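# please find the sequence and the predicted model below.
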Amino acid sequence: MTEEIIIAGFGGQGVLSMGKIMAYSGVMEDMEVSWMPSYGPEMRGGTANVIVILSSERISSPIIRSFDTAIILNQQSLDKFEGSVKPGGILIYDGNGITRHPERSDITVYRVDATEEAVRMKSPKTFNMIVLGGFLKVKPVIRLENVIKGLKKSLPERYHNLIPVNEEALARGMEIIREK
Amino acid sequence: MERELRLMKGNEAVAEAAIRAGADGYFGYPITPQSEILEYLMEARPYQTTGMVVLQAESEIAAINMVYGGAACGKRVMTTSSSPGISLKQEGITYIAGAELPCLIVNVVRGGPGLGTIQPAQSDYFQAVKGGGHGDYHLIVLAPASVQEMADFVGLGFDLAFRYRNPVMILSDGAIGQMMEKVYLSPQKERSKKVPEWATTGKPPTRERNIITSLDLDPKAQEVFNQKLIAKYDEIREKEVRYEEFQCQDAEYLLVAYGTSARVCQKAVQLARVEGLRVGLLRPITLFPFPTARIRELAGQVKGMMSVEMSAGQMVEDVMLAANGKVPVVHFGRMGGIVTTPDEVVENLKLKIMKV
C-alpha cells in the first residue's frame, strides 16, 4: 500500500501541521512515511503545501508530481494541483472562498466545508482536523486510534488539553464530507 | 542498545546526531535550505548538557576558520552550509586538508551557479569530490540518501575524519535536508577527553612543540608531504569505499545515482522491471573514494550505464572513467531545483542507452 498525498492552502491554515500529524500517525501505524514541505518563495508568498507519502514499503522519492489524493484549501492551490491528481484518484476541497470548483470527471471529488464547521464549533484552529477527519472517512489508511497517538506525538505537551476538541473535529469532518 | 525512534527533518537529524556523537563544537551561519541545523542546536542548548559549543559566526568564512582552530586543538568540530556558503568556506577547507586536521562539513546542496535557487540539486559534486579549494587534496565525501543516513553519517564522518586526520564532507541536498522521515537515533556518546598527540593545546616539558600549518617553503619537503597525502588518499580508496546495489545481479543496464536521485532510481528500476527490462542500480555511498572497481566489474556485465544526477552531468565523468570505454555511459538529469521522476528516468534510459 502506498498513498501519495498533497495538502495545499494558505500559510497559517495548518497545512504543514496536518501533514505532520498524518506522518506521525503513519509512524504509529508502523508505516514508512515521508513529509516534504514547500520551502522558500512559495511559503513567503503566502501559500504552503506539503507532500506526505504513507507506504508499507521503502519510499523512493519524497518529491513527486502526481498524487493519489489532493487536499485543497484555497483557490490558488486548486488551480495549481487539480491537474496533478492521478486518474481515479481523489480531490478533497473546502468550498470556502472557492469561485471555480473542480471540473475533472476522471477523479472523485469530495467537499468538506471545514472553515464553516470550525466557526460553528467555535474552535477555528481545529479546521485542519475537520479536513483530516474527512480524508480519513474516504481513505481510511490510518486507524483513528493511531491518529490520536500521532496527534499526541506531534503536539507539544502543553497543548495536550486540546486533544479532545481535536478528536471531536475529526469526528465532525467524517460526518460532513460529501461526494460532489 | 535501544535506538530512539523519531520523525525528523534531515537537517534536524544532523543536529541531534552531532550532539549524540559527542561533538565538541558547531560553528555555522544560516542559509536556506539548511538553517534548521543551527536553529535546532540553538534550541537544544547542548552547551548546558554535554558541553558542546554552538556558535553562530559572523560569516561562513569565520565559521570554517573557527572549525580550523577547534580541529587544531584535537576537538570534534563541524560546520554546515549550503552551496554558496560552502564556496565561501573553500579557502578554510583546503587549509584544513593541508594541515591534516579532522573535521566534519555538511553541504545541503541547492541549485547554482551563483545564488541559483534554494531548491535541491546535486550540482556541487565536482566541488566536493575534485577539490573545491586549491591544491592536491581530497575530502572524504559521504552521500546520504535518507534522514536515517543524515543522522548515521555524522558519527561515521567524525570517526573517519579522526582515523585519517582528514576533513569529511556530508554531501546532501535540499530534499533530504527538508523532508521528515523516521529516524532511529543512537544513544548519547560522551565527549572524548582524549587529546590527540598532534593537538596544539600547549607544550608539556615531555615533548617538542606541536605545529599545525599548511605551509612549507622548501619544495623538497613540500613534495614529500604531497606524497604522504597521496599515500593517505590511496589507503582511503582501498579501505573506505561504500556503496549499495539494487537488483544488479542479472542487470543488463545499470543506473548509477547517489542521494535523492538514487531513491528516484530505485523506483525507476522497479518500473523498468515491470516492463521486463533488466535494470539495476548502483548507489555510491562514498563519492570519494568512488566505487570505481565495482563499476568497472559491472561494465563487463551490462550493455550500458546511465548516471542520474540533479546536475548537468558531473558524476558521469567518474562513471565513464570506471567503465573505461567498455560500454556506453550517458547522463540524465534535471536542474534548477527540479527533482526528476522515476518515469523520466526509465524513458531516458530507453532513449539514450537502449535506443528504443
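Yep, it's here. Residues are numbered from 1 along each chain as shown, chains lettered A, B, ... in the order given.
# ok, now which ones touch the residue of chain A found nearest chain B?
Scanning chain A for the residue nearest chain B gives A:Ser60, at 3.4 Å (criterion: C-beta to the nearest C-beta). For every residue, glycine as well, the C-beta is placed using N, CA and C. Going by C-beta atoms under 8 Å, 6 or more residues apart in numbering or on different chains, A:Ser60 touches B:263-264, B:266-267, B:270, B:342.
# can you tell me which of those is nearest chain A?
Once C-beta to the nearest C-beta is applied, the member of the contacts of A:Ser60 that ends up nearest chain A is B:Lys267, at 3.4 Å.
# of the contacts of A:Ser60 - the most surrounded one?
Counting neighbours by other C-beta atoms under 10 Å in any protein chain shown, the top entry in the contacts of A:Ser60 is B:Val264, with 28 neighbours.
# give the contact list for the residue lying closest to it once chain neighbours are set aside.
Excluding the flanking residues, the one nearest B:Val264 by C-beta to C-beta, 6 or more residues apart in numbering or on different chains is A:Ser61, at 4.4 Å. With contact set as C-beta under 8 Å, 6+ apart, A:Ser61 has these partners: B:175, B:260, B:263-264, B:267, B:339, B:341-342.
# so which bits of chain B are right by chain A?
Chain B comes close to chain A at residues B:5, B:7, B:32-33, B:118-120, B:174-175, B:178-182, B:260, B:263-264, B:266-267, B:270, B:339, B:341-342, as judged by C-beta under 8 Å from any C-beta of the partner chain.
# and those residues, which of them are in strands?
B:5, B:7, B:180-182 (DSSP state E).
# drop anything exposed from those.
Listed as buried from those are B:7, B:180-182; burial here means 16 or more other C-beta atoms under 10 Å in any protein chain shown.
# of all those residues, which two lie farthest apart?
Largest separation among these by C-beta to C-beta: B:Met180 and B:Lys182, giving 8.6 Å.
# rewinding a little: ok, the contacts of A:Ser60 vs A:Phe135, which is closest?
B:Lys267 (24.4 Å).
# ok, and the closest non-adjacent residue to B:Val147?
B:Glu181 (4.0 Å).
# just B:Leu287 next, same as before
Nearest non-adjacent residue to B:Leu287, counting by C-beta to C-beta, 6+ apart: B:Val141, 4.1 Å away.
# what sits opposite the one you found in the beta ladder?
B:Met169, B:Phe288 (DSSP bridges).
# can you give me the neighbour number for the closest residue to B:Ile86 other than its chain neighbours?
Closest residue to B:Ile86 apart from its sequence neighbours, by C-beta to C-beta, 6+ apart: B:Asn107 at 4.7 Å. Neighbouring residues of B:Asn107 were enumerated by other C-beta under 10 Å; the total is 26.
# now B:Val330
Counted with other C-beta under 10 Å, B:Val330 comes out at 18.
# does it touch B:Val308 like I think?
No - using C-beta atoms under 8 Å, B:Val330 makes no contact with B:Val308, being 9.9 Å away.
# now the element after the helix or strand that A:Ala118 is a member of, going C-ward?
If you go by DSSP states H and E, A:Ala118 is part of helix A:114-120. Once helix A:114-120 ends, the next helix or strand along the chain (criterion: DSSP H and E) is helix A:127-138.
# so what touches that following helix?
With C-beta under 8 Å, 6+ apart as the criterion, helix A:127-138 contacts A:5, A:13-15, A:17-18, A:21-22, A:69, A:71, A:73, A:90, A:92, A:94, A:108, A:110, A:112, A:114-115, A:117-118, A:142, A:144, A:147, A:166, A:169-174, A:176-177.
# okay, and which of those map to strands?
A:5, A:69, A:71, A:90, A:92, A:108, A:110.
# in JSON lines: those residues, plus distance to B:Cys73, neighbour count and pLDDT.
Converted to JSON lines, those look like this (distance: C-beta to C-beta, whole Å; neighbours: other C-beta atoms under 10 Å in any protein chain shown; pLDDT from 0 to 100):
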{"residue": "A:Ile5", "distance to B:Cys73": "49", "neighbour count": "24", "pLDDT": "98"}
{"residue": "A:Thr69", "distance to B:Cys73": "53", "neighbour count": "23", "pLDDT": "98"}
{"residue": "A:Ile71", "distance to B:Cys73": "52", "neighbour count": "31", "pLDDT": "98"}
{"residue": "A:Ile90", "distance to B:Cys73": "59", "neighbour count": "20", "pLDDT": "98"}
{"residue": "A:Ile92", "distance to B:Cys73": "57", "neighbour count": "28", "pLDDT": "98"}
{"residue": "A:Thr108", "distance to B:Cys73": "63", "neighbour count": "16", "pLDDT": "98"}
{"residue": "A:Tyr110", "distance to B:Cys73": "61", "neighbour count": "20", "pLDDT": "98"}
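# within reach of chain B, which of those residues are there?
Residues of the ones in strands among the contacts of helix A:127-138 in contact with chain B (C-beta under 8 Å from any C-beta): none.
# check those and tell me the two furthest apart.
The widest separation within those (C-beta to C-beta) is 14.4 Å, between A:Ile5 and A:Thr108.
# where in chain A is the helix or strand with the lowest mean pLDDT?
helix A:41-44 (a mean of 63; mean pLDDT, DSSP states H and E).
# quick check: next helix or strand after it?
By DSSP H and E, the next helix or strand past helix A:41-44 is strand A:47-55.
# mind checking how far that next one is from the chain centre?
Centroid separation for strand A:47-55 versus its chain: 8 Å, with C-alpha atoms, centre = their mean, to the nearest Å.
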